[in-house]
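> Prediction below, plus the sequence it came from.
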Amino acid sequence: TPLHSTPLHSIPFHSTNTTTMSFVAQILQPGGGLLLIPFIRSVIMCLFMLTVTAFVAGVARVHMAILASLAGGLLLSISFFMSEYDKAMTASKEKSRSGAGSATPASERAKSD
């Protein structure tokens, strides 16, 4: 039967797009907001370009200058956050690598004294 003649309550729930559902589930997990940073960065970059273009065109110059500076500040803060996050993750990985390999049990340290 064609889909338009099928009542909505008879369409099985599992027929929805599971890829979208799993992406939403990943975003809603703790730390899942990091998945959105590339999207947020591109949207803010579009906002920045739009406001600079409107400023150059002479449309509400004061407002566009303020919005462009705010968008530029957001881009800088996102870049700073990502660089600091990458540094922290790298340091954490290095610490776990060096800590796991050189850790000696307390009984072995007591024997060597």
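That came through, no problem.

> which residues in the protein form helices?
With DSSP state H, the ranges of helices along the chain come out as 18-28, 37-57, 61-102, 106-112.

> if you compare these, which one is most tucked away?
Burial of these is given as mean neighbour count (mean count of other C-beta atoms under 10 Å); helix 37-57 ranks first at a mean of 14. Where C-beta positions appear, they are placed from N, C-alpha and C, glycine not excepted.

> got the angle for that one vs helix 61-102?
Angle of helix 37-57 versus helix 61-102, following axes from the mean of the first three to the mean of the last three C-alpha atoms, to 10 degrees, is 160 degrees.

> Output helix 37-57 in CSV with nothing but the alpha carbons.
Output in CSV follows, covering the C-alpha atoms of helix 37-57 (Å, rounded to 0.1, in the frame of the first residue of the first chain):
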residue,chain,number,x,y,z
ILE,A,37,31.8,22.9,17.7
PRO,A,38,32.6,22.7,14.0
PHE,A,39,28.9,23.5,13.2
ILE,A,40,28.9,26.4,15.6
ARG,A,41,32.2,27.7,14.2
SER,A,42,30.8,27.7,10.7
VAL,A,43,27.6,29.4,11.7
ILE,A,44,29.5,32.1,13.6
MET,A,45,31.8,32.5,10.6
CYS,A,46,28.8,33.1,8.3
LEU,A,47,27.4,35.6,10.8
PHE,A,48,30.8,37.4,10.8
MET,A,49,31.0,37.5,7.0
LEU,A,50,27.4,38.7,6.8
THR,A,51,27.8,41.5,9.3
VAL,A,52,31.1,42.7,7.8
THR,A,53,29.4,42.7,4.3
ALA,A,54,26.5,44.7,5.7
PHE,A,55,28.9,47.1,7.3
VAL,A,56,30.8,47.6,4.1
ALA,A,57,27.5,48.1,2.2
